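A.B. asks: After the sequence you'll find the predicted model.
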Amino acid sequence: MRKRSLATLIAALVAGALCTGAPSPRAQAAEAAQSTGAAQTAGAAAGTSSPAGGAPQLGVDLDRVTIPQLQARMADGSLTSSALTAAYLRRIKAIDPEINAVLRTDPTALRQAAASDTRHRGGDVRGPLDGIPVLLKDNVDTRDLPTTAGSLALAGSPPDADAALAARLRDAGAVILGKTNLSEWANFRAAKPTSGWSAVGGQTRNPYVLDRNPCGSSSGSAAALAASLAQVAIGTETDGSIVCPAGMNGVVGHKPSLGLVSRTGVVPISAEQDTAGPMARNVTDAALTLAVLSGRDTAHPGAPGNVPDRLPRSTGLRGKRIGLWRLPSLGAKVDALMTRTAKRLRSAGAEVVEVTPPYQKRLAALEFPALLSEFHREIDAYLGTRNGPRNLAGLIGFNRTHPAERSCFAGQELFEQALAAPPTTDPKYRAMRAELTDLARRSIDETMAAHQLDAIASPANPPAWTTDCARGDNDIIPSSTPAAVAGYPSLSVPAGFVDELPVGLLLMAGDRDDAELLSLGGAVEHRLDAWRAPRYLPSVGADAPGPGPAASR
C-alpha cells in the first residue's frame, strides 16, 4: 500500500470513521469489574493469582482498550510497549492454561517492545501497530518460531523466511507475541474433525464455556482474543475459519477480499479461496491491522491490489439498507436473536429487508470437490519448501506411523480424497471452479442489486457445541460460503448471546468493498454493543443442536 493511501485510511479511522465502534465510557466501566473478576476466577482455577496482573498498573482495561487509545498513551509517555507486552505475557501465563489457545510465546517479544519504545521516544513511529502485541495463527510462516499447522510433521526447524504478512507486521513495528493453536491443517484432514484440536497443541477451549468448541480453524486466535491475551491476532480462512471462530468467541473477524493480503508463506488449502485476515476485540483494531497487512502479492502477480485510498467516513446506520439472511437451520434461539438484531438496526435508522441469496445448493455441491484438487496442488508446493514430508503422499504416510496424530480423531479422509482428485489442469475441474466462482459472485451481486443493499447480514455461527473427539464437529454453517467462494469480504461482529454462548452477525459485501464493510461494521458494532468478557464457565445447559458434522476450514 502506498504511504499516502495508508495515512488516509488511518486518519479516517482515528478521526471517526470507525470510532463509533469503540465502547462507551459507561460500558467500559460496567465491564471492567466483571472482566477483572472473571479473569481472577480463571486464574484461580489455573492455580495462579491476579491473572489480570499488569492491567491496573497500566491504567487501561485490556478487554476494552483500542489501538488508537494505546498509541495516544504511548505518544504522551504514560504507557510503553514494554509494559503492555509484559502485561499480555502475564495474562497468557495466568489464563491460557484454562483455554489452551497459545502454542508458544516469542522469547524476543520484550526486545521487540523495547525497540518500539525507542522509536516512540525518538518520534520515529512506524504506524498504528508500532509496539502493539500481535498473535499469529500457527500456519503463518515465521523465520524464528516453529510453524506447524498443528501437525507434528512440521514440528522441526522453522521455515527459512517469514510469510509476507509477518514481514509486513515486523516492518510496521508490531510485537510478534507468539503463535496460536489451530485446527490441524486448517480442518482439512478428516471427514469428522474436532475444531481447535491439533497434535502439536491439543484442544483449544471456548473461554465463555470451557466444554464448548471454539470453531475452526482460527480457533486459538479467536479464543486468545476473547481472553484478552493479545491486542490483535491473525487468522486464516478458506471458508468460515475467521468468521466462525470470531462469532463463536465473541470477537471481530474480517475475511478480506481475495488477494488483499498476501498468501505467500501461509500453509495453504486453495489459492482460489485462501486469505489471512485480522481478528480483534473491536472493528477499529481490525481495520487498522488490515491497513498494515494489505498490499500486492508479488509472488502471485495476478492477485488484486490494495485497499481503497479512502475509507468513507461513517454516517452511522441511517439510510443503510441491509439484507437479512436468517438461516433458521441454526436454531430457533439464533433466529430470535436475529429478529432482535434487526429491530435494533432499524431503530438506528437502517432499512432491513429479508433476503435469500440464490444458488446455495449448487455452491455446496461444487465447493468441496474443487478444494480437493486445489489442496493437492497447493500442499505439494508448500511442503517442498519445508523439512519433513515432501508431498501429500508423504504426509499421509507420516500420519499413519505417528499415533499422536490420531489421538483425538484417526481419520485423514480428506487427504486421501485429495490425493486421488483430478489435477487442476483437468478440464472438468476447470469448468467446475469457473461455475463455482461465478455462482458465488452472482449470489451476492444479484441479491445486493435486487434489493439495493449496502450489505447482506446473517448469523455467523450457532451457539458453540460441546467438544467431543468421538463425534466431531457440529458445524454446517452456510453463511460464510458465498463470500468465501466469491473472494468477497466478510466481517463478523458480536451480535449477542444464546445461553451464555456468543453469536456473531456476519456482514458481507461486494468485491474490494472492504473499507465500506468495515465502516458499516463499526456502526453495527456500536449499535449492538454486544461484547462482554468471558466468565470461563465449566459447562452450561445441554449441547447446542446442529444439523450434523462437517469441516469448517
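C.D. replies: Looks like it arrived, so ask away.
A.B. asks: Quick check on the most centrally placed residue in the chain: phi, psi?
C.D. replies: The residue lying closest to the centre of the chain (C-alpha atoms, centre = their mean) is residue 242, at 3.3 Å. Dihedral angles phi and psi of residue 242 (degrees, to the nearest 10) take the values phi -100, psi -50.
A.B. asks: Residue 490 now?
C.D. replies: Dihedral angles for residue 490 - degrees, to the nearest 10 - are phi -140, psi 160.
A.B. asks: Verify the contact between it and residue 505 for me.
C.D. replies: No: here residue 490 lies out of contact with residue 505, judged by C-beta atoms under 8 Å, at a distance of 10.8 Å. All C-beta atoms are positioned from the backbone trio N, CA, C, and that covers glycine.
A.B. asks: Have a look at these two and say which one is more surrounded.
C.D. replies: Comparing residue 490 with residue 505 by other C-beta atoms under 10 Å, the one with more neighbours is residue 490, at 32 against 28.
A.B. asks: per-residue pLDDT, residue 477?
C.D. replies: Listed pLDDT for residue 477 reads 89.
A.B. asks: now residue 8
C.D. replies: Looking at residue 8, its pLDDT stands at 49.
A.B. asks: One more: residue 57?
C.D. replies: Residue 57 carries a pLDDT value of 77.
A.B. asks: same deal with residue 295?
C.D. replies: pLDDT for residue 295: 70.
A.B. asks: and if you look at residue 386?
C.D. replies: In the predicted model, residue 386 carries a pLDDT score of 97.
A.B. asks: Got the phi and psi for the closest residue to it other than its chain neighbours?
C.D. replies: Of all residues not flanking residue 386 in the chain, residue 154 sits nearest, at 6.0 Å (C-beta to C-beta, 6 or more residues apart in numbering). Dihedral angles of residue 154 (phi, psi; degrees, to the nearest 10) stand at phi -110, psi 20.
A.B. asks: Would you map the helices across the stretch 151-300 of the chain?
C.D. replies: With DSSP state H, counting those that start in this stretch as the criterion, the stretch 151-300 of the chain has helices at 164-171, 219-226, 243-248, 283-293.
A.B. asks: The stretch 1-150 of the chain too?
C.D. replies: Assigned by DSSP H, counting those that start in this stretch, the stretch 1-150 of the chain shows helices spanning 3-12, 25-45, 55-58, 67-75, 81-99, 109-121.
A.B. asks: What distance do you get for residue 370 to residue 272?
C.D. replies: Using C-beta to C-beta, to the nearest Å, residue 370 is found at 7 Å from residue 272.
A.B. asks: Mutual contacts of the two, please.
C.D. replies: residue 433 (C-beta atoms under 8 Å, 6 or more residues apart in numbering).
A.B. asks: who's more crowded, the two?
C.D. replies: Per other C-beta under 10 Å, whichever of residue 370 and residue 272 has more neighbours is residue 370, with 24 against 17.
A.B. asks: give the contact list for the residue lying closest to residue 378 once chain neighbours are set aside.
C.D. replies: In this structure, residue 378 finds its nearest non-sequential neighbour in residue 268, 3.8 Å apart by C-beta to C-beta, 6+ apart. Contacts of residue 268 were listed using C-beta under 8 Å, 6+ apart, and they are 274, 375, 378, 379, 381, 382.
A.B. asks: Quick check: the gap between the residue nearest to residue 386 and residue 383.
C.D. replies: Distance, residue 154 to residue 383, using C-beta to C-beta: 9 Å.
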